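Novice: coords below, sequence missing:
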């Protein structure tokens with residue numbers, strides 16, 4: 001089957017004109033190289049008379065002129081990237097406008113290098129000012145990528161997990177689009193005087209559990225009193241609509257608070273692998289098997305594109 005072609009009529013030598021044939025595959029090649037929209041790629045190739053390199057320059061020039069408006073547009077899609085280096089791990093979220101950009105090699109390269117910098121720089125301001133291997137700051141490189149891709153791109157969140165004692169930092173990526181890039185990224189710090197390879201499987205399973213359940217707190221002690229009070233107010237209002245006696249309502253509230261902790265506190269959650277054993281018990285069982293106390297000292301989970309209060 002003959003490939004579809006776009007015929008561009010370009011004036012040359014005064015009134016004479018020349019037909020330049022731009023194939024659909026050429027438009028797709030430019031889209032794959034830049035991540036720009038098909039319409040933008042077609043227009044750039046028309047202006048560049050079918051030359052890919054010139055078309056990239058056209059995209060950059062056009063998008064730079066529209067930069068301020070692009071930065072005001074919503075970036076609701078995204079990917080997360082993670083990196084681990086011995087006793088430290090980092091996760092970043094990069095947001096953009098359409099999910100197609102997640103498969104763009106330029107964007108993936110940016111995310112991979114940026115998350116390595118996040119191992120050293122623990123806040124967004126420092127991260128954006130950090131220099132990439134090219135010598136450009138991350139913020140400057142993002143501006144250049146916006147100019148080529150044509151979408152608003154933002155590094156929106158950064159997280160670090162550190163290990164103080166002996167142990168490992170386990171990681172997990174869900175819905176991976178490239179190595180260490182995907183839709184959900186998890187880091188877990190597991191502490192224990194055990195050979196690291198023996199902790200790896202446990203750490204991976206707990207990281208996968210966190211990706212599935214998205215706990216808010218590590219232990220019940222970490223839950224702020226204000227959060228408990230807020231939940232109690234909600235539960236109380238709901239319970240009173242039943243018309244039951246006050247003592248019964250108090251019991252109902254206690255039960256609802258207990259359930260809330262089981263849902264939001266990692267150590268209180270039921271392990272997704274068997275659906276019944278608490279994570280705290282999973283650690284105790286592993287400690288007996290491996291001959292050393294094992295503790296989770298920290299964790300982080302980022303989901304790309306999630307709405308954060």
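Specialist: Structure received. Worth saying up front: this structure is predicted, and the values here are computed from it rather than measured. Numbers count the residues shown, from 1 in each chain.
Novice: all helices for this structure, in order.
Specialist: Secondary structure of the chain by DSSP state H: the helices cover 24-34, 38-47, 52-65, 67-70, 105-117, 124-129, 138-149, 196-213, 225-240, 246-264, 279-290.
Novice: next one, pLDDT for residue 64 please.
Specialist: Listed pLDDT for residue 64 reads 59.
Novice: out of the helices of the chain, which gets the lowest mean score?
Specialist: The stretch with the lowest mean pLDDT among the helices of the chain is helix 67-70, at a mean of 49.
Novice: need the helices of the chain in a markdown table with mean neighbour count, can you?
Specialist: Every C-beta, even on glycine, is put in place using the N, C-alpha and C of the backbone. Listed next are the helices of the chain as a markdown table, based on neighbours: other CB atoms under 10 Å:
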| stretch | mean neighbour count |
| --- | --- |
| helix 24-34 | 18 |
| helix 38-47 | 20 |
| helix 52-65 | 17 |
| helix 67-70 | 12 |
| helix 105-117 | 20 |
| helix 124-129 | 16 |
| helix 138-149 | 20 |
| helix 196-213 | 18 |
| helix 225-240 | 13 |
| helix 246-264 | 14 |
| helix 279-290 | 16 |
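Novice: which one, of these, ends up nearest to residue 298?
Specialist: Closest approach to residue 298 among the helices of the chain is made by helix 196-213 (11.5 Å; CB to CB).
Novice: what angle sits between that closest one and helix 246-264?
Specialist: For helix 196-213 against helix 246-264, the angle by axes from the mean of the first three to the mean of the last three CA atoms, to 10 degrees is 130 degrees.
Novice: which residues are in contact with helix 196-213?
Specialist: Contact with helix 196-213 is made by 167-172, 174, 184, 186-188, 190, 192, 263, 266, 269, 271-273, 279, 282, 286, 290, 294, 296, 299, 301, as judged by CB atoms under 8 Å, 6 or more residues apart in numbering.
Novice: which of the helices of the chain sits closest to residue 86?
Specialist: Among these, helix 196-213 comes nearest to residue 86, with 10.3 Å by CB to CB.
Novice: the closest one: how far from the chain's middle?
Specialist: Distance of helix 196-213 from the chain centroid (CA atoms, centre = their mean, to the nearest Å) equals 18 Å.
Novice: and it with helix 279-290, angle?
Specialist: On the basis of the same axes, to 10 degrees, helix 196-213 is oriented at 160 degrees to helix 279-290.
Novice: neighbours around residue 306, how many?
Specialist: Other residues near residue 306 come to 14 when the count uses other CB atoms under 10 Å.
Novice: and the pLDDT for it?
Specialist: pLDDT, residue 306: 85.
Novice: re earlier: now distance to residue 86 too, for the helices of the chain, in CSV please.
Specialist: Below are those laid out as CSV (distance: least, CB to CB, whole Å):
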stretch, distance to residue 86
helix 24-34, 36
helix 38-47, 43
helix 52-65, 39
helix 67-70, 39
helix 105-117, 13
helix 124-129, 20
helix 138-149, 23
helix 196-213, 10
helix 225-240, 34
helix 246-264, 30
helix 279-290, 21
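Novice: how about those helices, which one is nearest residue 81?
Specialist: Closest to residue 81 of the helices of the chain, according to CB to CB: helix 105-117, at 4.0 Å.
Novice: so the closest one versus helix 138-149, what angle?
Specialist: Computed by the same axes, to 10 degrees, the angle separating helix 105-117 from helix 138-149 equals 170 degrees.
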